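Enquirer: next one to model:
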Amino acid sequence: MRLHLVTIGKPKLAYAQAGWADYLARLQRLHTVRISQLADKYANDATKLREVTANTYTVVLEIEGIMLGSHDLAAFLQKREIEAREVSFIIGGPDGLPKATRDTADYQWSLSRLTLPHDLAMVVTLEALFRASTINCNLPYHR
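Expert: Presented below is the predicted three-dimensional model:
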């Protein structure tokens, strides 16, 4: 499966850099993963975000989106894999994503109703994708 992670900025805090690197390496063992880390100046640029995710199934991280448990996310990924389209997960900046980006996304996913620090949201997203992927591959990570 092809996954595309689009972020505004890179993890800045040491714990987030370590978590990002760790879970990205794990995820890359199971999928083809492409990363687009856009400069902060593109945080509110819906046109740039649309350009970067063209021809992909787009999932935006949105606090008001649909919350999925690990098994639900695994089923979601399986369905996307059957469709054979690259899936772009768009993680906005500290102020979220432009309304136009949220409104035109194929799916709005919420990690939690809690407001998470930007760096932590990036790590949690990778961990959640890795966990769901291990469920789909019948690996023992998810117990």
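Enquirer: and the longest strand seen in the chain, what's buried?
Expert: For the chain, the longest strand by residue count, based on DSSP state E, is strand 57-67. By 16 or more other Cβ atoms under 10 Å, the buried positions in strand 57-67 come out as Tyr57, Thr58, Val59, Val60, Leu61, Glu62, Gly65. Where C-beta positions appear, they are placed from N, C-alpha and C, glycine not excepted.
Enquirer: what about it, distance to the chain center?
Expert: 9 Å (Cα atoms, centre = their mean, to the nearest Å).
Enquirer: which strands and helices lie in contact with that strand?
Expert: strand 87-91, helix 99-104, strand 107-110 (3 or more Cβ pairs under 8 Å, 6 or more residues apart in numbering; DSSP states H and E).
Enquirer: now do the buried residues in the longest one.
Expert: Within helix 99-104, the residues scored as buried using 16+ other Cβ under 10 Å are Thr101, Arg102.
Enquirer: related to what we said a few turns ago, the buried residues of strand 57-67 into a markdown table, with extra columns for distance to Gly92 and pLDDT?
Expert: A markdown table is the format used below for the buried residues of strand 57-67 (distance: Cβ to Cβ, whole Å; pLDDT from 0 to 100):
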| residue | distance to Gly92 | pLDDT |
| --- | --- | --- |
| Tyr57 | 18 | 98 |
| Thr58 | 12 | 98 |
| Val59 | 12 | 98 |
| Val60 | 7 | 98 |
| Leu61 | 7 | 97 |
| Glu62 | 8 | 96 |
| Gly65 | 12 | 97 |
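Enquirer: got these as CSV, with distance to Lys41 columns?
Expert: Formatted as CSV, those follow (distance: Cβ to Cβ, whole Å):
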residue, distance to Lys41
Tyr57, 26
Thr58, 21
Val59, 23
Val60, 19
Leu61, 20
Glu62, 21
Gly65, 25
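Enquirer: what angle sits between the strand or helix carrying Asp72 and strand 57-67?
Expert: Applying DSSP states H and E as the criterion places Asp72 in helix 70-83. Helix 70-83 runs at 160 degrees relative to strand 57-67, counting by axes from the mean of the first three to the mean of the last three Cα atoms, to 10 degrees.
Enquirer: list the buried residues for helix 70-83?
Expert: So, applying 16+ other Cβ under 10 Å, buried residues of helix 70-83: Leu73, Ala74, Phe76, Leu77, Arg80.
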